[in-house]
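Trainee: From the sequence below, what's the structure:
(chains A and B)
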Protein chains: 2
Amino acid sequence: MGHHGRRFGGGNLCAGDAPRGVVDGSSAAMNAASGATLSTAEIIAVGTELLTPFRVDTNSLFLVARLNEQGIVVRRKSVVGDDRCDLGAAVREALTRVDLVVVCGGLGPTEDDLTRETVAEVLGRALREDTEIAASLRARFTARGWTMPENNRRQARVPDGAVVLSNSRGTAPGLWLEENDRVILLLPGPPRELEPMFLGLVKTRLRVRATRNRLYSRVLCVGGRGESHVEELAQPVYSRWRNSAPSVETTVLASPGLVELHLSTRTASRAAAESVLEAAATELKEVLGNDVFSTDGQSLPEVVGGLLERKGLYVAIGESCTGGLVAASLIDVPGSSRYVRSGVIAYDNDVKMSVLS
Amino acid sequence: MGHHGRRFGGGNLCAGDAPRGVVDGSSAAMNAASGATLSTAEIIAVGTELLTPFRVDTNSLFLVARLNEQGIVVRRKSVVGDDRCDLGAAVREALTRVDLVVVCGGLGPTEDDLTRETVAEVLGRALREDTEIAASLRARFTARGWTMPENNRRQARVPDGAVVLSNSRGTAPGLWLEENDRVILLLPGPPRELEPMFLGLVKTRLRVRATRNRLYSRVLCVGGRGESHVEELAQPVYSRWRNSAPSVETTVLASPGLVELHLSTRTASRAAAESVLEAAATELKEVLGNDVFSTDGQSLPEVVGGLLERKGLYVAIGESCTGGLVAASLIDVPGSSRYVRSGVIAYDNDVKMSVLS
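Mentor: This is a model prediction of the structure:
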């Protein structure tokens, strides 16, 4: 629904039907030093709590964005519980389909953290205690005046041939494993550990193996129109841009009161990307008019705040049913103290009459 | 991390290693009229927009809760794009692992909606236009004075042997398909279509095929303590309850300022479930003291509101940096007009001095 992008495969031949692991000789030779190019990925989130009604995997949003920047397309995301069999099957399958398998979570010290052991088993590699990791874990505990629980020693176990990614924010190191031309990347589950590890240690490793193409994108925000109305007006424009070179793909995302048009293009040249995205945005603005309130992803409170500041105006907010939400969204913008003065929430009728009338 | 539940499989034999589809004779006979019992499920969300950095699948949270109520355990959740090959592979694999495969999305009228066609292909069934659905689709458009686009006729196509689940909120009907002892359920992607369809048409069908065991749960909310501190105190209690009969499983979920302990038990008797959950909750409260602010999932604003109302007190809120958030969370509770009078957001320093001092 609403997506109009390239599709893989066609006819009766699926991409997955071709035997995986057969690497084209010339490109293999080209990449001899750094390994084959990584262009497709799957993300596997591990944790029984992610199979309850209370938690969704959000790490994958961060990861998809970062992988797309490297020109890597995410083909599938999965969630499995803290279960050796389910996780093992998921990793084994993913390895037959994509170049890069990212597994998040299950690297903790407790008995239900099984990622290290399971991946080592899938790859048929032995696990050995890394004395350096064990020492640094022990030092971490000692620094706080604690004795390291024996359980934590499990976090020092490393499969043969793995590159250890140190964790600046927690006890679980990440692991980078290569198997033929594929990479298996194990990252800790908590976003505050995963994100700095990715940005600090994974990104540069990936860049070496990434395609020359990068993904560039642009977000148009539209207010005051429903999704189907926006799509009706915009579809003739983006169906044309889909066939340009480089092509522009459009994803329509609707939420209450807001329709976002995500334009993206994949190319080796930033200049080419910017020029086609700008041209596509301009055409869409002509069609959708002033309902497009930003062409760079700025939110409505940011746009309103910018206007207030540029015009040197201050705002005071009177609210009833919205109970502070209007003020809260304006104040949520950094620097909003430059134009927000005060707000009144007149919820009781007497207060309403006396303060707001 | 934080989950302490039952795990499937063990030793070197994985559940998935046993050939699927071999049904125990006696239970098959027992269920001859209604089909075999459904006890495990996988959820597959379809949509390329769910593989962008901007959208997560949230339908699965609703579905996991509803399936758990029927005693059905969700073993895996996946997201695939609008791609016939990727979706086909996901459905094919899931059918080898679980009793019930729920596919959400991709039932719309546009060319990128491929779920009907792909699932029919996986099952080797022909698709035929259902004249009743086609007529009702046409009537839907006529009622609004529109002519139905030809594209929408695709939504009337039904695989052989499918039960059609009518959609009261949109044009895409759902489909209930049976293949040997498995069920494949196709549901529309938008939550406002999926949820009423599930509650109105799917739930009763599932109940007939569900196990006698149901999942019962209880949520304790803890404020003012970190996750690891709560876990340290609570772990000796819930490790004991894990071995009771029926056993109580605990999942610890932490978010800023709040730790939730989800207790759950799976049993055929509601009375037994309530008694073990009550006993477990009581023991946990003894250990965690007044930091447990609710034992029935009530949020902090609900608890505070209840106290205000019982004591006949009214509240006025003065806020600065929180910019209306405190008022908004109190007002978000239904009936809060009985105790919330007014609020002031003094963001500017002069306003702060004059109003709040």
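Trainee: C-alpha only now, for contacts and for neighbours.
Mentor: OK.
Trainee: how about the helices in chain A?
Mentor: Here chain A has its helices, by DSSP state H, at A:25-30, A:59-69, A:84-97, A:115-123, A:131-143, A:191-197, A:203-209, A:227-241, A:270-288, A:300-310, A:325-331, A:349-351.
Trainee: Any part of the shortest one near chain B?
Mentor: Yes. Interface with chain B: helix A:349-351 contributes A:Val351 (C-alpha under 8 Å from any C-alpha of the partner chain).
Trainee: taking the mean pLDDT, what do you get for that helix?
Mentor: Summarised as a single mean, pLDDT over helix A:349-351 is 78.
Trainee: residues in contact with it?
Mentor: The contact list for helix A:349-351 (C-alpha atoms under 8 Å, 6 or more residues apart in numbering or on different chains) reads B:Arg341, B:Ser342.
Trainee: Tabulate the helices of chain A in TSV, adding columns for distance to A:Glu178 and mean neighbour count.
Mentor: Putting these into TSV (distance: least, C-alpha to C-alpha, whole Å; neighbours: other C-alpha atoms under 10 Å in any protein chain shown) gives the following:
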stretch	distance to A:Glu178	mean neighbour count
helix A:25-30	15	11
helix A:59-69	17	20
helix A:84-97	11	20
helix A:115-123	10	19
helix A:131-143	20	15
helix A:191-197	18	18
helix A:203-209	12	16
helix A:227-241	38	16
helix A:270-288	30	16
helix A:300-310	44	16
helix A:325-331	46	21
helix A:349-351	67	14
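Trainee: what's the closest of those helices to B:Glu129?
Mentor: helix A:227-241 (25.2 Å; C-alpha to C-alpha).
Trainee: Return the angle between stretch directions for that closest one and helix A:270-288.
Mentor: Helix A:227-241 runs at 140 degrees relative to helix A:270-288, counting by axes from the mean of the first three to the mean of the last three C-alpha atoms, to 10 degrees.
Trainee: packing partners for helix A:227-241?
Mentor: In terms of contacts (3 or more C-alpha pairs under 8 Å, 6 or more residues apart in numbering or on different chains; DSSP states H and E), helix A:227-241 is packed against strand A:249-255, helix A:270-288.
Trainee: want to throw the ones you listed into a markdown table with distance to chain B and mean pLDDT?
Mentor: Formatted as a markdown table, the helices and strands packed on helix A:227-241 follow (distance: least, C-alpha to the nearest C-alpha, whole Å; pLDDT from 0 to 100):
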| stretch | distance to chain B | mean pLDDT |
| --- | --- | --- |
| strand A:249-255 | 7 | 80 |
| helix A:270-288 | 18 | 92 |
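Trainee: A:Gly108 is nearest to which of these?
Mentor: That would be strand A:249-255 among these, by C-alpha to C-alpha, at 35.6 Å.
Trainee: Could you list the buried residues of the closest one?
Mentor: Residues A:Glu249, A:Thr250, A:Thr251, A:Val252, A:Leu253, A:Ala254 are the ones in strand A:249-255 that count as buried (16 or more other C-alpha atoms under 10 Å in any protein chain shown).
Trainee: which residues does the last one contact?
Mentor: If you count contacts by C-alpha under 8 Å, 6+ apart, A:Ala254 has them with A:Glu227, A:Glu260.
Trainee: how about a cut-off of 10 Å?
Mentor: Contact analysis of A:Ala254 by C-alpha atoms under 10 Å, 6 or more residues apart in numbering or on different chains lists A:Gly2, A:Cys221, A:Val222, A:Gly226, A:Glu227, A:Ser228, A:Val230, A:Glu260, A:Leu261.
Trainee: Can you list the low-confidence ranges for the stretch 201-350 of chain A?
Mentor: Applying pLDDT under 70 to the stretch 201-350 of chain A picks out no residues at all.
Trainee: Could you show which parts of it are in contact with chain B?
Mentor: A:250-253, A:262, A:316-332, A:336-350 (C-alpha under 10 Å from any C-alpha of the partner chain).
Trainee: distance of A:Met271 from A:Lys203?
Mentor: Heads up, residue A:271 is Ala, not Met. To A:Lys203, A:Ala271 is 23 Å away according to C-alpha to C-alpha, to the nearest Å.
Trainee: Next: A:Val46.
Mentor: Distance of A:Val46 to A:Lys203, given as C-alpha to C-alpha: 22 Å.
Trainee: How about A:Leu307?
Mentor: Distance, A:Leu307 to A:Lys203, by C-alpha to C-alpha: 37 Å.
Trainee: Over to A:Trp241?
Mentor: Using C-alpha to C-alpha, A:Trp241 is found at 31 Å from A:Lys203.
Trainee: One more: A:Met197?
Mentor: In this structure, A:Met197 and A:Lys203 are 9 Å apart, going by C-alpha to C-alpha.
Trainee: ok, now A:Ala234?
Mentor: In this view, A:Ala234 and A:Lys203 are 35 Å apart by C-alpha to C-alpha.
Trainee: got the contact list for A:Glu283?
Mentor: By C-alpha under 10 Å, 6+ apart, the contact list for A:Glu283 reads A:Ala234, A:Val237, A:Tyr238, A:Trp241, A:Leu277, A:Gly289.
Trainee: Tell me which two in those residues are the farthest apart.
Mentor: Maximum pairwise distance among the contacts of A:Glu283 (C-alpha to C-alpha): 18.7 Å, between A:Trp241 and A:Gly289.
Trainee: buried ones in stretch A:216-230?
Mentor: Taking 16+ other C-alpha under 10 Å as the criterion, stretch A:216-230 shows A:Tyr216, A:Ser217, A:Arg218, A:Val219, A:Leu220, A:Cys221, A:Val222, A:Gly223, A:Glu227, A:Val230 as buried.
Trainee: B:Ser336 versus A:Ala268, what's the distance?
Mentor: As judged by C-alpha to C-alpha, A:Ala268 and B:Ser336 stand 56 Å apart.
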